[in-house]
Structures are given as C-alpha cells and as structure tokens.
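Chemist: Fold the stuff below for me.
(2 chains)
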Amino acid sequence: MYVIIAGAGKVGWNLARELTAKDREVTLIESDHRRFRVVEEELEHAVQYGDATELWVLERAGIQRADLVIAVTGDDEDNILICQVAKEKYGVDRIVARVNNPRNMVHFKTLGIQPAVSATDLILRLIEHEVPEYGLVQLLALEEEHLEIIELEVGQGSSAAGQRVNDVDLPEGSLIISVLRNGAGFVPKADSVIHAGDQVLLILDPGLEGEITPRFAPEGSELGARN
Amino acid sequence: MFILIVGAGRVGSAVAKRALDAGNDVSVLDSDPLSHERLDKDQSISWEDAGGRFTVGAALEVDGLIEAGIEQADVFLAATRGDNTNLVIAQLAQRRFNVPRVVVRVADPARAAWYGEQGLITICPTQHAIDQAEHVVLEA
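Modeler: Model prediction:
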C-alpha cells in the first residue's frame, strides 16, 4: 500500500513513522523548508519539499499510484483541496482529512471530503465518555455506511433495566452489541439480562437515537416520562 | 443583479466599484476592516453612501457569508489573496448556496484549468501574464 501524507507537523510526522514501521510505503510532503530539513534528517527520501495543494507536487510524489492520501496540514482549505483533487482528479480510493477548526467540519461534508477527523471533536467525545452529561455518547459515526455506535447508561428504573436483551423494545435498525459492567465488557446473548448502571453499546442507523434513549432513561426523568 | 465579492484587494475592490457604477447591488466581504478604504479611494462619496454594502468577516465563516447576502446573490466572485480559500468558498457558493454564477480567481494555472473543467468560472491572472508576456517577448 502506498500512502501520501500532506503536512509534516506532529500529526503527519508521527503518522509517517507509524506507517513506515508497519511496512507501508510512505511519502510525506511539507511546504515549510525549515520543517522539511528537520524531518528529512530522520525520514530521508520519504519526505519531499513542496506545497501539496499544487498538482505537480502531488504528481511528483506519485499520486497516480497512491492507495491512500492523508491531508493533515494546519490549514483546512488546503486539506479540503488536497483530498478533493486526490479523489476526483487522480482517482485515489481512500482519503482522510484533518479538520483543524471544528466549525469547518460542515464544509468538508458539503464538498464530500470524508472521513474528516477533528481532534477537538475526538477530545470532546473522550470527555463525554468519561463524564456523560446526557447519558448518551456517540462513539463512532460511519457516514458513508450510514451507521453509528453510541454508548448509553442504563438508568435506575428504566424500561430496559432488568430485561433480557431480546426483550428490550428497540426500533428496527438498532442492536445492542456490548455491555460494560463493573469495568469489564462482554458481548451479550439474547437472554443476557441488562442491569441498571450498565453501559451498553448500540449500533444503529443514524437518527434512531431519539427512539432509543427513552428505553434507558432513569424512571421519572424527562426522557423516561415519554415511555 | 446582486453581486457578492469576497476579498477587497485590488481586483475585488475595483470590480466592486465598477459593478456598483453599472447599477448593480454590490456587497463586499473582507476579513480586514481597513480594506474598506480601497472602496472609498478616489470616490466623491463613501462606498455605503453610493449604495454599496461592506461586511467584515472571515471567508469560511458561514455567518459572515450569509450576513453579506450570499443567499440572495446572483453572482459570486471569490477574490481573496489565497487560491485555496477562493476555491473552497467558490464551491460552497455553488453547492451549498446554489449561487447561479460563481467566478473564482486562481493564481495557479494548473488548478485554474482543472477547476474550470469542473464547472467553476476561473480567472487566472498568471495565465494572462504568461500569454501577454509571450506575445510581447516573441514579437520583439
């Protein structure tokens, strides 16, 4: 597999290291000459100097035969355009873009640049995982595949608490895939009983959260009252 | 006709003034408040008194684009100094806001050509300079 990475910042440089260690062929492209010199000391010919938004720079790096292009520069416009030409002009199968400013995430979506990864969003999700405020944490969204994985806490007195997995009233297109209890996780069977205080992971079609959360909401809560 | 111009540099401000003189509604968006001076330069009355609109905002911020009137625009000109910014906002104007006519300034001839094939109206000052220089040099 041949991978081109645009941007030799901390993210790009470390990605190049990790992928090289996994025996992937990698070319890193960096537009700042001083940074390029520093990275070149270690990566040698695997790093090239140039502006990866320019077509000839991508062509020099061999974009025609790239299997994956990762755009992780500090500039969202650059990341959008690098991925766009990789996909639409050179027919690269897989792209990954970094979103620096989460407010720009919508632009990546509008222009079809997926997956787009925002470090800020990831950290926010980790915080929510540690400190769930609404009882629901979105763990993973597979936009293209129209699937997402969420985590829910089973509330005291909720309709799901004390029920077998099979008997929890869930909408079509959703499935309980894991139960976390006392710090350990297991994959439940149809007759596994869910307890109040468990964390459950569900895979679902996006948009079903609203139907699912009331089943797990604690008795007497606003959400639970809709049961 | 309502024309929205993003980037009040030499090109953007000059086009804005001509478009306003020609009787159009013109709105200009730029991140630098001082760029407004270019719109007033050599004019007997201020840009606003002449009927122009000016909004301070970053090109990629949707709120600023909406405040500047992108939802009503018949024509959108992306003329900031950055090719990459221009190409991204021009495509947003086209795909998200459905502006009928989108014009984008791109200094890089290679990308001006490719994005031209993708349905944007691209203007490449570098290509014009190359063509003109070639013409003048070879004529000597």
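Chemist: okay, now A:Val39: neighbour count?
Modeler: A:Val39: 21 surrounding residues under other Cβ atoms under 10 Å in any protein chain shown. All C-beta spots, glycine's among them, are computed from the backbone N, C-alpha and C.
Chemist: The one 3 residues further on now?
Modeler: A:Glu42 is surrounded by 11 other residues when neighbours are defined as other Cβ under 10 Å.
Chemist: Which helix or which strand is home to B:His128?
Modeler: Assessed by DSSP states H and E, B:His128 sits inside helix B:125-139.
Chemist: and that helix, is it in reach of chain A?
Modeler: No: using Cβ under 8 Å from any Cβ of the partner chain, we find that helix B:125-139 stays clear of chain A, coming within 12.4 Å at best.
Chemist: Tell me where the model's unsure across chain B.
Modeler: Counting by pLDDT under 70, chain B contains no low-confidence range.
Chemist: Give me the distance from the helix holding B:His128 to the chain's centre.
Modeler: 23 Å (Cα atoms, centre = their mean, to the nearest Å).
Chemist: Now the residue in chain B that chain A sits nearest to. Nearest residue, chain neighbours left out?
Modeler: Distances between chain B and chain A by Cβ to the nearest Cβ are smallest at B:Asn84, namely 4.0 Å. Excluding its sequence neighbours, the residue lying closest to B:Asn84 (Cβ to Cβ, 6 or more residues apart in numbering or on different chains) is A:Glu77, at 4.0 Å.
Chemist: Any idea how many residues pack against the one you found?
Modeler: 22.
Chemist: that older thread, Provide the secondary structure category for the residue of chain B closest to chain A.
Modeler: Per DSSP: H, G, I helix; E, B strand; the rest coil, the local secondary structure of B:Asn84 is helix.
Chemist: Can you name the residues that contact it?
Modeler: Going by Cβ atoms under 8 Å, 6 or more residues apart in numbering or on different chains, B:Asn84 touches A:53, A:75, A:77-78, A:80-81.
Chemist: again, but for A:Thr110
Modeler: Contacts of A:Thr110 (Cβ under 8 Å, 6+ apart): B:91-92, B:95-96.
Chemist: Over to B:Ala19?
Modeler: Here B:Ala19 is in contact with B:3, B:5, B:26 (Cβ under 8 Å, 6+ apart).
Chemist: name the element the second one belongs to?
Modeler: Right, the one you point to is B:Ile5. Counting by DSSP H and E, B:Ile5 is found in strand B:2-6.
Chemist: so after that strand, what's the next helix or strand?
Modeler: Next along from strand B:2-6, by DSSP H and E: helix B:10-21.
Chemist: Please name the spatially closest residue to A:Ala6 (chain neighbours excluded).
Modeler: Sequence neighbours aside, A:Ala52 is the residue nearest to A:Ala6 in space, at 3.6 Å (criterion: Cβ to Cβ, 6+ apart).
Chemist: Please report how far that neighbour lies from chain B.
Modeler: Taking Cβ to the nearest Cβ, to the nearest Å as the measure, A:Ala52 falls 11 Å from chain B.
Chemist: where does that residue land in three-state SS?
Modeler: Per three-state DSSP, A:Ala52 ends up coil.
Chemist: now B:Gln72
Modeler: Going by three-state DSSP: B:Gln72 is coil.
Chemist: That one and B:Phe2 touch, don't they?
Modeler: Yes: between B:Gln72 and B:Phe2 there is a contact at 5.4 Å, judged by Cβ atoms under 8 Å.
Chemist: Looking at those two now, which is surrounded by more residues?
Modeler: Using other Cβ under 10 Å as the criterion, B:Gln72 and B:Phe2 rank with B:Phe2 on top: 16 against 13.
Chemist: Can you give me every residue that contacts the nearest residue to the more buried one once chain neighbours are set aside?
Modeler: Distance criterion Cβ to Cβ, 6+ apart; nearest residue to B:Phe2, sequence neighbours excluded, is B:Asp25 at 4.4 Å. By Cβ under 8 Å, 6+ apart, the residues touching B:Asp25 are B:1-3, B:51, B:53.
Chemist: try A:Val3
Modeler: A:19, A:24-27, A:66-70.
Chemist: Buried ones among those residues?
Modeler: Buried subset of the contacts of A:Val3 (neighbour count, 16 or more other Cβ atoms under 10 Å in any protein chain shown): A:19, A:26-27, A:66, A:68-70.
Chemist: Tell me which of those fall in strands.
Modeler: A:26-27, A:68-70 (DSSP state E).
Chemist: returning to what we had before: got a winner among the contacts of B:Asp25 for most neighbours?
Modeler: That'd be B:Ile3 among these, by other Cβ under 10 Å, with 22 neighbours.
Chemist: Excluding chain neighbours, what is closest to that residue?
Modeler: Closest to B:Ile3 by Cβ to Cβ, 6+ apart is B:Val75, at 4.6 Å.
Chemist: Would you agree that neighbour is in contact with B:Leu4?
Modeler: Yes: using Cβ under 8 Å, B:Val75 makes contact with B:Leu4 at a distance of 7.2 Å.
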